[in-house]
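1. Everything below, folded, please.
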Amino acid sequence: MLVAAAVCPCPPLLVPDVAAGAAPELDAARAACTDALGVLAASRPDLLVVVGPADENARGLHPEGTRGSFSGFGVDLDVCLGRPKADASLPDPDGADSAAPERELPPSLAVAAWLLERTGWSDAPVEGLGVGEPLEAERCVRTGEQIGGRAGRVALLVMGDASACRTLKAPGYLDERAEGFDAEVARALGAADVEALKALDTSLAYELKAAGRAPWQVLAGAAEGAGLGGALLYEDAPYGVGYVVAAWS
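-> Have a look, this model is predicted:
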């Protein structure tokens, strides 16, 4: 059963070594992520599942001990998802080959691994799931329901950004619909509104390049019936991309 969740953005810029001189611009977001992970630790889970968007090569299961790297962003920095462990049994909604531990973590899960290392996570085993951004809402919810039943006390670390269309210089250019979409996402995540997350417009999220949509709907499936409350810890769009941090417990 889901006992806690943390929702964090997943830009590699969250890692100071990647952001370099611009690192201070996301100090508030990093602090909020630290607070959210504190809620996970306080929940004393039996299992922590990290969920984040992934491209076709990195979708599916990532067992504990899977390594990630920020070398693609010009930084010689490696991370590891929790402690080394060869077992993986999470449901795989994309049908990816689960027997591929040699794969690197996708960027979203590498950022999560960095956050966990930064906060000294050692409270429970960790497993990762890379979710395809086009995954239908129903399959996201079903996957979340399966994850929620994986252990007596399950915690989720959910990685994903909101729209990438908040300003003219944003990756997706300016889209007038983005601000309203992000506001509803922030409200739903801050209120632990499971039904609102399930109802997010998949097509609109895709058009606005909101990579967090599928992971958030996995969270909605896992949280169904758990009775968790939420708190919005951070919401901003410093680079024209919506970043939201929330904690559920």
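2. make it CA atoms for all contacts and neighbour counts henceforth
-> Noted.
3. Kindly state the beta-bridge partners for the residue nearest the centre of the chain.
-> Nearest to the geometric centre of the chain sits residue 159, at 1.1 Å (Cα atoms, centre = their mean). Under DSSP bridges, the beta-bridge partners of residue 159 are residue 8.
4. List the strands paired with whichever strand or helix holds residue 245, with their directions.
-> Element membership for residue 245 (DSSP states H and E) is strand 243-248. Each strand that pairs with strand 243-248, with its direction, by DSSP bridges: strand 2-8 (antiparallel), strand 230-236 (antiparallel).
5. Export these to CSV and append columns for mean neighbour count.
-> What follows is the strands paired with strand 243-248, written out as CSV (neighbours: other Cα atoms under 10 Å):
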stretch, mean neighbour count
strand 2-8, 28
strand 230-236, 20
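6. In CSV: those, plus distance to residue 80 and mean pLDDT.
-> Listed next are the strands paired with strand 243-248 as CSV, based on distance: least, Cα to Cα, whole Å; pLDDT from 0 to 100:
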stretch, distance to residue 80, mean pLDDT
strand 2-8, 18, 98
strand 230-236, 26, 98
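7. can you put these in a markdown table and add distance to residue 48?
-> As requested, those are exported to a markdown table (distance: least, Cα to Cα, whole Å):
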| stretch | distance to residue 48 |
| --- | --- |
| strand 2-8 | 9 |
| strand 230-236 | 18 |
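8. Please find the angle between the direction vectors of the helix or strand containing residue 138 and strand 2-8.
-> Element membership for residue 138, per DSSP H and E: helix 137-148. Computed by axes from the mean of the first three to the mean of the last three Cα atoms, to 10 degrees, the angle separating helix 137-148 from strand 2-8 equals 120 degrees.
9. what's the closest of the strands paired with strand 243-248 to residue 61?
-> Closest to residue 61 of the strands paired with strand 243-248 is strand 2-8 (Cα to Cα; 19.1 Å).
10. which strands and helices sit next to the strand or helix carrying residue 181?
-> When elements are assigned from DSSP H and E, residue 181 belongs to helix 178-190. In this structure, helix 178-190 makes packing contacts with helix 194-198, strand 230-236, strand 243-248, judged by 3 or more Cα pairs under 8 Å, 6 or more residues apart in numbering; DSSP states H and E.
11. Nearest to residue 124, out of those?
-> Nearest to residue 124 among the helices and strands packed on helix 178-190 is strand 243-248 (17.7 Å), distances taken as Cα to Cα.
12. What average pLDDT does that closest one get?
-> Averaging pLDDT along strand 243-248 yields 98.
13. which outside residues touch that strand?
-> If you take Cα atoms under 8 Å, 6 or more residues apart in numbering as the criterion, strand 243-248 is touched by 4-9, 29, 32-33, 36, 39, 161-162, 186, 189-190, 192, 228-237.
14. quick one: it to chain centroid distance?
-> Counting by Cα atoms, centre = their mean, to the nearest Å, strand 243-248 is centred 10 Å from the centre of its parent chain.
15. Checking residue 166 next. Helix, strand or coil?
-> coil (DSSP: H, G, I helix; E, B strand; the rest coil).
16. Show me which helix runs longest in the chain.
-> Using DSSP state H to assign secondary structure, the helix with the most residues in the chain is helix 27-42.
17. Could you export the very next helix or strand once past it as CSV, CA atoms only?
-> Moving toward the C-terminus from helix 27-42, the next helix or strand (DSSP H and E) is strand 47-54. Extracted in CSV, the C-alpha atoms of strand 47-54 (Å, rounded to 0.1, in the frame of the first residue of the first chain):
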residue,chain,number,x,y,z
LEU,A,47,10.1,-0.4,-0.7
LEU,A,48,10.8,2.8,-2.6
VAL,A,49,9.9,2.9,-6.3
VAL,A,50,11.2,5.7,-8.5
VAL,A,51,9.2,6.5,-11.6
GLY,A,52,10.2,8.9,-14.3
PRO,A,53,9.8,9.5,-18.1
ALA,A,54,12.1,7.6,-20.4
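18. Thank you, goodbye.
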